[in-house]
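A.B. asks: Whatever this is, show me its structure:
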Amino acid sequence: MLFSSLMLYISLFVALFFEVFLLITYFEIREEIKFEEKHNGKDLTNYPSVTIIVPCYNEESTVASTIRSLLSLQYPKDKLKLIVVDDGSTDNTQKSLEEFTHHPQIQTFKKENGGKHTALNFALERVDTELVGCLDADSFVEPEALKRIVGFFTDEATMAVTPSIKIHEPISVLQHVQKVEYNWGIFLRRVLSSINGLYVTPGPFSIFRTRIFKEIGGYREAYLTEDMEMALRMHRNHYKIVNSHNAYVYTVAPSKLSDLYKQRVRWAYGFLNNAVDYRDMYFNKKYGNIGIFVLPIATFSVFSTLYAAGNALWSIFSKIPDALTRYQAVGFAWNFNAPHFSVDWFTFNTGITAMITYTTIILSLTLLYLALALAEGKVRLKKDVLYYLTIYILIVPLWLAKATYSTLARKPITWR
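C.D. replies: Coordinates of the predicted model:
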């Protein structure tokens, strides 16, 4: 009982602290965000050369559209190159690439399957431009995305810029859930960017100064999350990563629970194992906010979510024996009267724990509103918000539990 109460208080404190931090930081950077939206990418006088790498494996249905979106970027054609690497596809990916074989901006290669990190490193050996980035073969960029990202490289200290990722044409309920989740991610990344706390350089269209790969090495397998490991390695070497919140990239989201589960297990497993590899950064002031603040809270959130889910399940299952006993004694007590709802303010729980819980919930909804406003411009209470609030909290523990178990048991996971 004491342990349960202690965990509750700690979880509420950390959640409330983090939410207040996000809220205060967001209001502090609002003018900066407005300035970026108005000017970034619109006053460029210098266009650095850029190579975009498109690694693909069995992406016959989307890779051509991905490449066309890159060719439609509002960027000087003589400054933009594409390197497409087919990592041993077994479908008709090669056939989908045939129309681009002789395109002057595009180089296409096919290699034996070795994983995404090997395809990226294969292409990096052939890059001779100032900047280099990656775009997953199931993602699509807005025409102005590259200009908005490149604008941040006028700061010589900036070594990588991440975009904002949205869901491409959501249809299923799960895709609508992910749409809200990704919009929340846009808000979170922009806030963390302001304190140099980004710990992922996402595969969809993160752009780097090419020289960093010569200085700290290429991509690693990194538990199938090479984009996370690269960001942590950059922080270890004190490189600056920022976010361009209005450089939009669209990605095709899993439509089935099984596919979403596999994807999120991979992400959570990658985070936990990379966290172990980079454990020396935790609470180390040498690494600034990423070590003192961001990584510890991100890790704590995994275990606090699992504890909350486990505690809720225990509370439910522990009542089953009593329910069975009552049933055996009196059977079902059917009551066909319509339910009556009332609020008795005199007996309203005003205890400290309850008030902190209410405050945490209100702040969570406030932050969600601000996230939707930042990502969408206007906030409308659509079905995707309802799906997110009712479904997401139920499915997150599924992949967190699997990832945690696999990490503790040292069992590798598979992606496909």
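A.B. asks: pLDDT value on the nearest residue to residue 95 once chain neighbours are set aside, please?
C.D. replies: On the basis of Cβ to Cβ, 6 or more residues apart in numbering, the spatially nearest residue to residue 95 that is not a chain neighbour turns out to be residue 60, at 7.1 Å. From N, CA and C alone the C-beta is placed, and that goes for glycine too. At residue 60 the predicted local distance difference test score is 95.
A.B. asks: now residue 12
C.D. replies: The predicted local distance difference test score for residue 12 is 87.
A.B. asks: Just give the nearest non-adjacent residue to it, would you?
C.D. replies: Counting by Cβ to Cβ, 6+ apart, the residue nearest residue 12 is residue 356, at 5.0 Å.
A.B. asks: neighbours of the one you found, just the number please.
C.D. replies: By the criterion of other Cβ atoms under 10 Å, residue 356 has 16 neighbours.
A.B. asks: Please name the residues that touch it.
C.D. replies: Residues touching residue 356, when contacts are defined by Cβ atoms under 8 Å, 6 or more residues apart in numbering, comprise 12-13, 16.
A.B. asks: Validate this expectation: the residue nearest to residue 95 resides in a helix.
C.D. replies: No - the assignment for residue 60 (DSSP: H, G, I helix; E, B strand; the rest coil) gives coil, which keeps it out of a helix.
A.B. asks: residues near residue 78, how many?
C.D. replies: Other residues near residue 78 come to 10 when the count uses other Cβ under 10 Å.
A.B. asks: and what of residue 351?
C.D. replies: Residue 351 is flanked by 8 other residues according to other Cβ under 10 Å.
A.B. asks: Also residue 139?
C.D. replies: By the measure other Cβ under 10 Å, the count of residues near residue 139 is 25.
A.B. asks: I figured it hits residue 202, correct?
C.D. replies: No - in terms of Cβ atoms under 8 Å, residue 139 does not count as a neighbour of residue 202; the distance is 9.3 Å.
A.B. asks: list the residues that contact both of these two?
C.D. replies: Contact with both residue 139 and residue 202 is made by residues residue 165, according to Cβ under 8 Å, 6+ apart.
A.B. asks: that older thread, would you turn the contacts of residue 356 into JSON lines with neighbour count and distance to residue 294?
C.D. replies: Shown next, in JSON lines, are the contacts of residue 356 (neighbours: other Cβ atoms under 10 Å; distance: Cβ to Cβ, whole Å):
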{"residue": "12", "neighbour count": "17", "distance to residue 294": "20"}
{"residue": "13", "neighbour count": "12", "distance to residue 294": "17"}
{"residue": "16", "neighbour count": "16", "distance to residue 294": "17"}
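A.B. asks: Distance to residue 254 and secondary structure added to those, as JSON lines?
C.D. replies: Putting the contacts of residue 356 into JSON lines (distance: Cβ to Cβ, whole Å; DSSP: H, G, I helix; E, B strand; the rest coil) gives the following:
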{"residue": "12", "distance to residue 254": "32", "secondary structure": "helix"}
{"residue": "13", "distance to residue 254": "34", "secondary structure": "helix"}
{"residue": "16", "distance to residue 254": "32", "secondary structure": "helix"}
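A.B. asks: Could you pull up the residues touching the residue nearest to residue 95?
C.D. replies: Applying Cβ under 8 Å, 6+ apart to residue 60 gives the contacts 89, 91-93, 95-96.
A.B. asks: With residue 265 instead?
C.D. replies: Contacts of residue 265 were listed using Cβ under 8 Å, 6+ apart, and they are 399, 402-403, 406, 413.
A.B. asks: how long is stretch 67-87 from one end to the other?
C.D. replies: In stretch 67-87, first residue to last residue: 16 Å (Cα to Cα, to the nearest Å).
A.B. asks: wait, I meant stretch 201-220
C.D. replies: With Cα to Cα as the measure, the ends of stretch 201-220 fall 13 Å from one another.
A.B. asks: going forward can the numbers begin at 728, since that is how I track them
C.D. replies: Shifting the count to begin at 728 puts that one at stretch 928-947.
A.B. asks: what comes up buried for that stretch?
C.D. replies: Within stretch 928-947, the residues that count as buried by 16 or more other Cβ atoms under 10 Å are 928-937, 939-940, 945-946.
A.B. asks: ok, back up a step: out of the contacts of residue 992, which sit inside helices?
C.D. replies: Secondary structure of these is defined by DSSP state H; positions in helices are 1126, 1129-1130, 1133.
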